[in-house]
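Asker: Sharing a sequence plus its predicted fold:
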Amino acid sequence: MSDHSGYVGAIDQGTTSTRFMVFDRGGNEVVRHQLEHEQILPRAGWVEHNPTEIWERTRAVIASALTKADLRAADLAAVGVTNQRETTVVWNRRTGRPYGNAIVWQDTRTDRIASALDRDGRGDVIRRKAGLPPATYFSAGKLQWILENVEGVREAAEAGDALFGTTDTWLLWQLTGGTDGGVHVTDPTNASRTMLMDLETRDWDDELLSFFGIPRRMLPAIAPSSNPGCFGTTRADGPFGGEVPLTGVLGDQQAATVGQLCFRPGEAKNTYGTGNFLLLNTGHELVRSRHGLLTTVCYQFGDDKPVYALEGSIAVTGSAVQWLRDQLGIIGGAAQSESLARQVEDNGGVYFVPAFSGLFAPHWRSDARGALLGLSRYSTNAHVARATLEAICYQTRDVVDAMTADSGVTLDVLRVDGGVTANELCMQLQADILGVPVSRPVVAETTALGAAYAAGLAVGFWRSTDELEQNWQEDRRWQPTWSAEQRARGHAGWQKAVSRTLGWVDVD
């Protein structure tokens with residue numbers, strides 16, 4: 001590759017895998033490499049990752065991708081990082097060793113911590129300051145659990161030796177030297193998912209920290225999502241084999257919003273990954289949700305004012321397809337879910353509510369659990385597969401309805417991205433269930449692309465967001481085919497199914 005510094009790289013550290021991708025000025029993919037990591041499930045409701053394994057996978061995908069494309073550190077103008085949000089890592093700054101596994105965003109072990117917050121009024125403070133409902137989803141409860149249950153962490157934290165971060169922070173610390181001067185930093189999109197950051201000041205809040213008993217010195221600095229100096233530079237002895245500026249950091253769903261170029265208020269995207277995440281750009285205005293959505297930072301570029309978003313977070317969508325593969329064994333791979341579901345014309349009255357970790361937006365019910373309903377002797381694996389795809393789409397419909405109620409914005413089209421968008425039947429069902437067109441871009445992996453855009457803008461690789469607009473191209477559009485009656489009947493069945501899952505487990 002002869003064009004010196006003619007590319008931008010992106011580390012995409014997700015829930016099930018880590019990938020490294022390189023993009024050119026047109027936003028086109030040059031190379032990628034991806035590796036899965038282990039999903040550790042010690043008991044019901046617990047989900048963990050090994051932070052050391054994630055770092056090793058990150059090193060491996062960077063080295064493999066650069067080798068595959070014959071690229072070196074000097075060929076990269078900058079690198080961005082995007083990550084699974086809320087997943088909580090605590091490690092020792094002197095040894096570099098984690099204090100056990102990371103607690104993943106899907107984990108529900110903190111249900112008692114979350115429910116207690118609402119009983120004494122602290123939940124209302126969290127909603128007002130952090131824009132989030134008290135829920136197992138977010139980082140603060142997980143960090144409190146580690147401080148209370150992992151031996152030695154509380155003492156190390158008080159002494160300034162235990163560091164907290166989401167996986168962006170963990171990887172940045174490693175890439176910039178680790179125990180030898182590693183940078184301890186995050187950005188507002190990730191910090192806004194902890195229940196510890198005030199949305200207006202974009203700083204850690206002492207009152208919120210006191211709710212969870214968290215020492216402030218554990219926390220990383222908060223720097224703008226796209227900036228030329230705050231995230232450090234890769235070390236020459238690291239996986240890049242040279243120094244590359246790290247100039248962009250965005251939580252995965254905000255990165256996908258940037259990758260979909262939703263820069264104007266009222267523009268929305270939906271990412272279909274392990275879960276589904278629908279973000280609506282609300283501009284510089286903080287819109288407080290009254291219908292079960294989250295208020296979050298969408299991005300902050302340099303010294304510009306932050307842009308905010310309303311978000312609907314759904315815990316289990318693509319991972320429900322994985323469940324068909326790994327736990328039920330009725331498909332051999334994710335792609336088979338489409339061919340199996342196509343064997344039937346409809347769901348045969350079967351509904352699947354994949355509330356494995358409770359229900360997130362807009363319900364926020366940690367007492368819900370997954371259920372297959374409407375089964376009869378007529379039901380087959382094909383009906384279950386189709387019900388799984390429909391569950392992805394119905395959960396999205398619930399979030400879109402809440403978003404319309406909060407913002408007054410009615411979607412004209414839904415921009416979609418992520419791995420599940422390769423499932424053509426699922427995307428057709430999404431258009432049918434929503435009653436609006438669904439549009440997929442040429443580059444469906446917009447999470448990594450958004451991180452690359454944030455990094456490239458910081459160093460002038462791209463001059464402005466207007467320049468990025470020229471890169472977006474539509475690959476496929478699905479038009480609704482269901483009648484209004486069919487749509488209403490299907491959604492009524494879904495709502496009935498959801499109601500049956502509530503209150504299944506007791507939460508103190």
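Answerer: Done, it's in.

Asker: residue ranges of the helices in the stretch 51-200 of the chain, please?
Answerer: Secondary structure of the stretch 51-200 of the chain (DSSP state H, counting those that start in this stretch): helices located at 51-69, 111-119, 122-130, 139-149, 153-158, 167-175, 188-191.

Asker: Pipe those helices into CSV and attach mean neighbour count and distance to residue 450 per row.
Answerer: (C-beta placed from N, C-alpha, C; glycine too.) Output for those, formatted as CSV (neighbours: other C-beta atoms under 10 Å; distance: least, C-beta to C-beta, whole Å):
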stretch, mean neighbour count, distance to residue 450
helix 51-69, 19, 18
helix 111-119, 17, 29
helix 122-130, 19, 23
helix 139-149, 22, 21
helix 153-158, 18, 33
helix 167-175, 27, 13
helix 188-191, 28, 10
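
Asker: And the pLDDT at residue 361?
Answerer: pLDDT, residue 361: 88.

Asker: The nearest residue to residue 184 once chain neighbours are set aside: neighbouring residues, count only.
Answerer: If the residues on either side of it in the chain are set aside, residue 184 comes closest to residue 220, at 4.7 Å by C-beta to C-beta, 6 or more residues apart in numbering. Neighbour count of residue 220, defined by other C-beta atoms under 10 Å: 22.

Asker: Isn't residue 220 up against residue 170?
Answerer: No - using C-beta atoms under 8 Å, residue 220 is not in contact with residue 170; the gap is 9.8 Å.

Asker: Where does the prediction get shaky in the stretch 401-508 of the chain?
Answerer: For the stretch 401-508 of the chain, applying pLDDT under 70 flags the ranges 507-508.

Asker: now do the chain
Answerer: Applying pLDDT under 70 to the chain flags the ranges 1-4, 507-508.

Asker: Now stretch 321-338: buried residues?
Answerer: Neighbour-count burial for stretch 321-338 flags 321, 322, 323, 324, 330, 331, 334, 337, 338 (criterion: 16 or more other C-beta atoms under 10 Å).

Asker: my bad, should have said stretch 267-285
Answerer: Neighbour counts over stretch 267-285 (16+ other C-beta under 10 Å) mark 267-282 as buried.

Asker: First-to-last residue distance for it?
Answerer: This stretch, stretch 267-285, spans 14 Å end to end (C-alpha to C-alpha, to the nearest Å).

Asker: quick one, helices of the stretch 351-500 of the chain?
Answerer: Shown for the stretch 351-500 of the chain, the helices assigned by DSSP H, counting those that start in this stretch span residues 381-407, 424-434, 446-458, 465-469, 484-501.

Asker: Quick one: closest of those to residue 317.
Answerer: Evaluated over the helices of the stretch 351-500 of the chain, closeness to residue 317 peaks at helix 381-407, with 4.3 Å, by C-beta to C-beta.

Asker: now the angle between helix 424-434 and the closest one, please.
Answerer: 40 degrees (axes from the mean of the first three to the mean of the last three C-alpha atoms, to 10 degrees).

Asker: Extract the C-alpha set from stretch 173-184 and format it as PDB.
Answerer: Taking C-alpha atoms only, stretch 173-184 is exported to PDB below (Å, rounded to 0.1, in the frame of the first residue of the first chain):
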ATOM      1  CA  TRP A 173      -4.800   1.500  28.800                       C
ATOM      2  CA  GLN A 174      -3.100  -1.600  27.300                       C
ATOM      3  CA  LEU A 175      -2.400   0.000  23.900                       C
ATOM      4  CA  THR A 176      -0.700   3.000  25.400                       C
ATOM      5  CA  GLY A 177       1.600   1.100  27.700                       C
ATOM      6  CA  GLY A 178      -0.400  -0.600  30.400                       C
ATOM      7  CA  THR A 179       1.600  -0.600  33.700                       C
ATOM      8  CA  ASP A 180       4.200   1.600  31.900                       C
ATOM      9  CA  GLY A 181       2.300   4.800  31.600                       C
ATOM     10  CA  GLY A 182      -1.000   3.500  30.100                       C
ATOM     11  CA  VAL A 183      -3.700   6.200  29.600                       C
ATOM     12  CA  HIS A 184      -6.800   5.800  31.800                       C
END
